[in-house]
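Asker: Model the structure of this input:
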Amino acid sequence: MSSQSEHAAASAAAEARTALRLTRSITATWWYVASAILLFELIVVFLSVSTLVERGSSSLVPGALGVGGLLWLGATWLPLADYRHRTDTTPLVIWRRHLAPLLIAAAYGLAAGIVAGIWVIGVLPMIQVLLLLSWPPGVRLRLVLAGTALLVALAVIDVRLALVESSTVWFQLIFYSTVLPVVTVSSLWWWDVLVTLDRARTSEAKLAATQERLRLATDVHDLQGHHLQVIALQLELAERLMPQDPAAGMDQLRAARASVDDARQGTRDLATRFRSVPLGDELANAIDLLRAAGTKAEVTVDPDVSLAPASALGPVIRETTTNVLRHGAGRWARLSLTRSDGSWRYEISNDVANDAADVVPDGTGGGAGLEGLARRAGEAGGELEVRRAAETFTVVVTVPATGEDAG
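Answerer: Numbers count the residues shown, from 1 in each chain. Next up, the predicted model:
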């Protein structure tokens with residue numbers, strides 16, 4: 001049971017980290033949504049204080065009400081921030097985080113309702129905090145309808161009880177208090193739509209990569225399966241012929257060797273076809289993949305990128321992009337491919353995740369990925385450089401231009 005609970009907790013944590021990374025690309029929209037909700041709450045607090053000031057209350061009472069309102073704003077920020085990172089497995093209430101906001105909302109609503117003599121203000125803070133919790137689909141809609149109906153009913157009572165002393169500010173307070181739940185839920189709905197679209201875009205990018213790998217696996221299976229079957233039959237036939245007709249057996253062995261050469265050449269042709277993507281397209285695909293994962297990616301490309309050795313740098317671009325997606329923190333990445341002094345220089349930098357394993361700059365501690373990059377660079381006559389700073393990881397691959405390109 002303990003291992004199962006630990007596994008469930010680890011899965012929930014991984015899902016939360018994935019949700020966080022997916023929503024980084026729409027951070028500006030999130031701040032717009034959160035600011036709009038907090039602004040409406042601030043307007044309600046301001047109008048509550050203004051109502052007391054109009055009634056001629058002593059400065060101490062409106063001041064205390066204003067301080068309590070700011071505490072309420074701070075309390076609503078915690079469930080609002082949690083809503084940004086929520087997933088399908090997020091519980092409705094995280095008591096160690098949400099208990100304080102609920103208590104502050106209840107206390108502020110009770111105090112404000114008694115001091116101001118307005119029923120709507122007494123109920124609104126608690127309704128607002130409840131709306132920010134992680135309700136299942138459809139429940140929040142029913143909750144906001146019930147809450148708005150309750151506020152409207154209380155507003156009617158407040159209007160009748162305070163008809164003589166009502167003012168413009170008082171009516172504005174009633175109005176903003178009544179529509180605040182609807183504004184809040186509408187903003188959260190808009191955020192949910194954007195998150196869904198962002199995840200769909202990322203899933204589409206992953207699906208495209210999966211389909212490409214499936215196509216490659218199918219091509220390799222068809223090519224190698226055919227040749228290996230032929231070779232197996234030729235060797236079996238040679239084994240049978242050798243005792244009675246050595247010459248015919250040798251012919252079959254030579255045919256099997258020719259089949260091996262055909263298989264090797266077919267594999268080379270298949271690899272060449274996949275490596276023949278222009279480097280400009282490789283970089284564009286890398287940028288699209290990083291941005292689809294929520295990373296702010298930038299690229300600098302030399303105008304003569306078509307002359308760069310694609311067979312050497314293409315796999316490097318793909319491997320380093322994969323490393324950024326696996327081990328980077330997912331906030332930013334910068335790629336560049338430039339040419340100078342008869343060589344091509346590819347550089348990729350990204351931010352480092354807090355829990356990323358240390359990488360030895362010489363490439364020996366970075367696993368098979370860095371070793372493979374070093375081997376590819378060496379085969380092309382170039383070199384690999386790895387730099388690890390406090391918050392930045394950089395890989396630089398320099399390869400000489402071919403004789404034709406150098407000219």
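Asker: what distance separates the longest helix seen in the chain from the centre of its chain?
Answerer: What stands out as the longest helix in the chain, according to DSSP state H, is helix 168-241. Offset of helix 168-241 from its chain centre (Cα atoms, centre = their mean, to the nearest Å): 13 Å.
Asker: Do me a favour and average the pLDDT over it.
Answerer: Average pLDDT, helix 168-241: 83.
Asker: Now do it: which elements does it pack against?
Answerer: Applying 3 or more Cβ pairs under 8 Å, 6 or more residues apart in numbering; DSSP states H and E, we find helix 168-241 packed against helix 2-23, helix 27-54, helix 60-84, helix 119-131, helix 139-161, helix 246-275, helix 279-292. All C-beta atoms are positioned from the backbone trio N, CA, C, and that covers glycine.
Asker: tilt between the fifth one and helix 119-131?
Answerer: If you take axes from the mean of the first three to the mean of the last three Cα atoms, to 10 degrees, helix 139-161 sits at 170 degrees to helix 119-131.
Asker: which helices and strands sit right next to helix 139-161?
Answerer: helix 119-131, helix 168-241.
Asker: Figure out which of the helices and strands packed on helix 168-241 is closest to G113.
Answerer: G113 lies closest to helix 119-131 among the helices and strands packed on helix 168-241, at 2.2 Å (Cβ to Cβ).
Asker: nearest to A374, of the helices and strands packed on helix 168-241?
Answerer: helix 246-275 (18.5 Å).
Asker: Pull out the buried residues from the closest one.
Answerer: G249, Q252, L253, A255, A256, S259, A263, G266, L270 (16 or more other Cβ atoms under 10 Å).
Asker: Hey, what's the angle from that helix to helix 279-292? Just curious.
Answerer: 60 degrees.
Asker: closest to V152 among the buried residues of helix 246-275?
Answerer: L270 (69.1 Å).
Asker: Quick check: chain neighbours aside, which residue is closest to that closest one?
Answerer: D219 (5.8 Å; Cβ to Cβ, 6 or more residues apart in numbering).
Asker: Next one: the one you found from R268, what distance?
Answerer: 13 Å (Cβ to Cβ, to the nearest Å).
Asker: Any buried residues in stretch 92-112, and which?
Answerer: Result for stretch 92-112 [16+ other Cβ under 10 Å]: buried residues H98, P101, L102, I104, A105, A107, Y108, G109, A111, A112.
Asker: what's the lowest-pLDDT member of the buried residues of helix 246-275?
Answerer: L270 (73).
Asker: wait, what's in contact with the residue lying closest to S177 once chain neighbours are set aside?
Answerer: Leaving aside its sequence neighbours, S177 sits nearest to V120 (Cβ to Cβ, 6+ apart; 4.5 Å). Neighbouring residues of V120 by Cβ atoms under 8 Å, 6 or more residues apart in numbering: L151, L154, A155, D158, L173, I174, S177, T178.
Asker: what secondary structure does V399 sit in?
Answerer: Look at V399: counting by DSSP: H, G, I helix; E, B strand; the rest coil, its state is strand.
Asker: my guess is it meets E379, correct?
Answerer: No - here V399 lies out of contact with E379, judged by Cβ atoms under 8 Å, at a distance of 9.4 Å.
Asker: low pLDDT regions in the chain?
Answerer: 1-25, 162-166, 272-277, 354-368, 402-407 (pLDDT under 70).
Asker: Kindly list the longest strand within it.
Answerer: Secondary structure of the chain per DSSP state E: the longest strand is strand 328-340.
Asker: for the following helix or strand past that one, packing partners?
Answerer: As assigned by DSSP states H and E, the chain's next helix or strand after strand 328-340 is strand 343-352. If you count contacts as 3+ Cβ pairs under 8 Å, 6+ apart, strand 343-352 packs onto helix 310-327, strand 328-340, strand 392-400.
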